[in-house]
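Asks: Predicted model and sequence follow; I will ask about them next.
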Amino acid sequence: MKLLSLIGTALLFTQVAVAGVIKYEDGTRTINGVSVGRSAELSVDNGVYHMDVIGAGLRTKKVLVANVNVYVAQVYVDNAGAFVRTADGAVKSIDNMKAGAIRLTFLRDVEADKVKVSFRDAFDANDINTDEPGIAAFLNAVSDGGDAEGNKTLNISFARLDDGSVRVIYEDTKGKETTVIGNAALANSIFAIWLGEPADAGLATLKKELLKGITQ
């Protein structure tokens with residue numbers, strides 16, 4: 001599914017020491033040695049959100065002639081029953097969520113520029129304007145977060161605020177949190193990296209795993 005380019009509204013981009021706290025409850029499943037959570041709890045200024053895992057899978061990337069394992073991705077939402085497990089409906093159904101999170105546990109070191117390029121390629125594949133203020137601020141947070149370290153976790157969470165805007169919290173693998181406040185479409189745009197039009201074969205395979213769901 002292609003997403004239309006977004007028309008930006010006034011957005012605020014700030015860095016804070018503690019923007020939000022996310023805690024995961026481990027489940028019984030593992031993928032490549034990484035524990036897949038059962039649920040998560042996100043605490044932000046406007047409340048505490050309970051989220052359930054709706055899918056998990058392995059992200060691979062073709063390097064030269066071989067596929068390498070990059071990270072294990074897990075997706076959490078606060079309204080799992082409203083999540084649509086179809087290729088065209090998944091991203092749109094994020095409209096029904098007040099909160100969600102992407103948990104990426106890296107299996108190898110990945111330079112910040114490569115993480116940023118991977119996310120930008122996914123935005124391009126989904127016709128998302130990377131010059132839109134919220135998206136640009138998110139990509140800046142990825143750059144500022146530095147390299148993704150192997151055997152550590154990168155968290156991207158969001159909560160919808162009372163005024164209709166979206167708060168995205170980017171927590172790098174060193175634990176530093178950066179907050180981006182954007183318009184209502186920001187959450188869908190970020191989730192499109194994994195649930196929208198795949199930018200490469202590795203993301204296509206991962207999307208199928210995420211949509212399939214996971215049993216504990």
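Replies: Thanks, I have the structure now. This structure is a prediction, so every number in the text was calculated from the model and none was measured. Residues are numbered from 1 along each chain as shown.
Asks: And the helix ranked longest in the chain, what's buried?
Replies: With secondary structure taken from DSSP state H, the chain has its longest helix at helix 112-125. By 16 or more other Cβ atoms under 10 Å, the buried positions in helix 112-125 come out as Val115, Lys116, Ser118, Phe119, Arg120, Ala122, Phe123, Ala125. C-betas here are computed from N, CA, C, even on glycine.
Asks: now swap in stretch 99-111 and tell me
Replies: Here stretch 99-111 shows Ala99, Gly100, Ala101, Ile102, Arg103, Leu104, Thr105, Phe106, Leu107, Val110 as buried, counting by 16+ other Cβ under 10 Å.
Asks: Show me what the nearest residue to the fifth one once chain neighbours are set aside is bridged to.
Replies: It refers to Arg103. Nearest non-adjacent residue to Arg103, counting by Cβ to Cβ, 6 or more residues apart in numbering: Gln74, 4.2 Å away. Using DSSP bridges, the beta-bridge partners of Gln74 come out as Ala56, Arg103.
Asks: related to what we said a few turns ago, roughly how far is the longest helix of the chain from the heart of the chain?
Replies: 12 Å (Cα atoms, centre = their mean, to the nearest Å).
Asks: What lies in contact with that helix?
Replies: 61, 129-130, 135, 138-139, 142-143, 145-148, 189, 192-194, 196-200, 203 (Cβ atoms under 8 Å, 6 or more residues apart in numbering).
Asks: Asp88: which of the buried residues of helix 112-125 is nearest?
Replies: Ala125 (14.4 Å; Cβ to Cβ).
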